[in-house]
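> Generate coordinates for the sequence data below:
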Amino acid sequence: MFKMAKKSRVQTPAWILEGYDSREEYEKAKGKISNKKSGKTFKIRRCPDCNSDEVRVVVGEESKGLWECSKCNWRGKNIKEEELNEEEFLRYLDKKEGN
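As a prediction, the model looks like this:
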């Protein structure tokens with residue numbers, strides 16, 4: 001006869017069992033630090049030499065990950081990335097528009 005395969009059981013996460021409203025709230029209460037920003041995030045890429053955000057991928061070199069800065073003509077692979085939440089990103093845009 002055929003054997004029935006055992007069904008795996010889905011376990012309820014600890015944060016639900018302990019009565020927290022979200023995983024983030026649970027981790028905060030337990031002292032776990034998360035580097036992930038909550039909500040929508042935006043990435044800003046900057047030149048490692050002049051800190052300008054006017055960097056772009058070099059056409060024809062996408063597969064190699066080569067970047068170029070429009071201000072100082074730096075070329076390389078080690079681009080700086082900055083992650084901002086929505087509020088920080090809007091402030092960044094306001095500041096950039098003012099320049």
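> ok, and for the longest helix seen in the chain, which residues are buried?
Ranked by residue count under DSSP state H, the longest helix found in the chain is helix 86-98. Of all the residues in helix 86-98, those buried under the rule 16 or more other C-beta atoms under 10 Å are F89. No exception for glycine: its C-beta is placed from N, CA and C like everyone else's.
> same for that helix, what does it pack against?
strand 41-46 (3 or more C-beta pairs under 8 Å, 6 or more residues apart in numbering; DSSP states H and E).
> what sits up against the strand it packs on?
With C-beta atoms under 8 Å, 6 or more residues apart in numbering as the contact definition, strand 41-46 has outside contacts at 52-53, 55, 67, 79-86, 89, 92.
> Ok, stretch 82-99 next?
37-46, 53.
> that older thread, just the contacts of strand 41-46 now: which is nearest A29?
N85 (21.3 Å; C-beta to C-beta).
> Can you report how many residues lie near the closest one?
13 (other C-beta atoms under 10 Å).
> And for C47?
Residues near C47, counting by other C-beta under 10 Å: 21.
> could you give the angle of the longest helix of the chain to strand 41-46?
Helix 86-98 runs at 40 degrees relative to strand 41-46, counting by axes from the mean of the first three to the mean of the last three C-alpha atoms, to 10 degrees.
> Could you tell me which residues make contact with Y20?
26, 29.
> Assign it to helix, strand or coil.
Under DSSP: H, G, I helix; E, B strand; the rest coil, the three-state class of Y20 is coil.
> now Y26
helix.
> Provide a list of residues in contact with S52.
Contacts of S52 by C-beta under 8 Å, 6+ apart are 46, 69-72.
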